[in-house]
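# Need the 3D shape of this:
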Amino acid sequence: MVELSNDDIKCIAEFEAATGATVKDCVITPDAVVFIVKQGELGKAIGKKGSNITRVRQIFARQVLVFEDSDDMEQFIRNLFGNIPVKNINVHEKMDSKTAFVSVDEQDRGAAIGRDGNRIKTCRAVLLRRFNCDLRLVSN
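Now for the predicted structure:
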């Protein structure tokens, strides 16, 4: 079980009050605040025409990312990449460490990495916290 800091708890309370969606976890990175919402509540978190997420971004005055939770690591990784098509996911386990190798098309690589590598760094931090698994991007 992941321990939440006071800042995490405050962020979760603000987010849930603004959206009505149930938050399973919160990760605060230097670039963004990331919320993992309960399975099936992503639409509720975003709101009609993005109204909830817009309000939340104004409250936090920084980038806010929302991903849907899943107990299945492969599905969770697909949720992290959202509308970027993931071709393949291979998980390698050595001793006490896991690494997920995520394959995307070459034309989607830039979007998967994000500006200054922010998207992949954020995905890596969230996956490490949720499944104790590192993330590597590979392209075909």
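
# Tell me where the protein has helices.
Taking DSSP state H, the helices of the chain run over residues 6-19, 42-46, 51-60, 73-81, 109-113, 118-131.

# V102 is nearest to which of those?
Nearest to V102 among those is helix 73-81 (6.1 Å), distances taken as C-beta to C-beta. In short, each C-beta sits where N, CA and C put it, glycine included.

# how many degrees apart are the closest one and helix 118-131 in direction?
Helix 73-81 runs at 150 degrees relative to helix 118-131, counting by axes from the mean of the first three to the mean of the last three C-alpha atoms, to 10 degrees.

# Can you name the residues in contact with helix 73-81?
Here helix 73-81 makes contact (C-beta atoms under 8 Å, 6 or more residues apart in numbering) with 67-70, 86, 89, 91, 100, 102, 104, 112, 123, 126-127, 130-131, 133, 135.

# If we use 10 Å, what do you get?
Contacting residues not belonging to helix 73-81 are listed as 34, 36-37, 39, 42, 65-70, 72, 84-86, 88-91, 98, 100, 102, 104, 108, 111-112, 119-120, 122-124, 126-127, 130-131, 133, 135, 137 [C-beta atoms under 10 Å, 6 or more residues apart in numbering].

# quick one on the thing from earlier: and the helices of the chain as a markdown table, adding mean pLDDT and distance to P30?
Below are the helices of the chain laid out as a markdown table (pLDDT from 0 to 100; distance: least, C-beta to C-beta, whole Å):
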| stretch | mean pLDDT | distance to P30 |
| --- | --- | --- |
| helix 6-19 | 92 | 13 |
| helix 42-46 | 94 | 22 |
| helix 51-60 | 92 | 13 |
| helix 73-81 | 94 | 18 |
| helix 109-113 | 92 | 17 |
| helix 118-131 | 92 | 9 |
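
# Alright, I will stop here.
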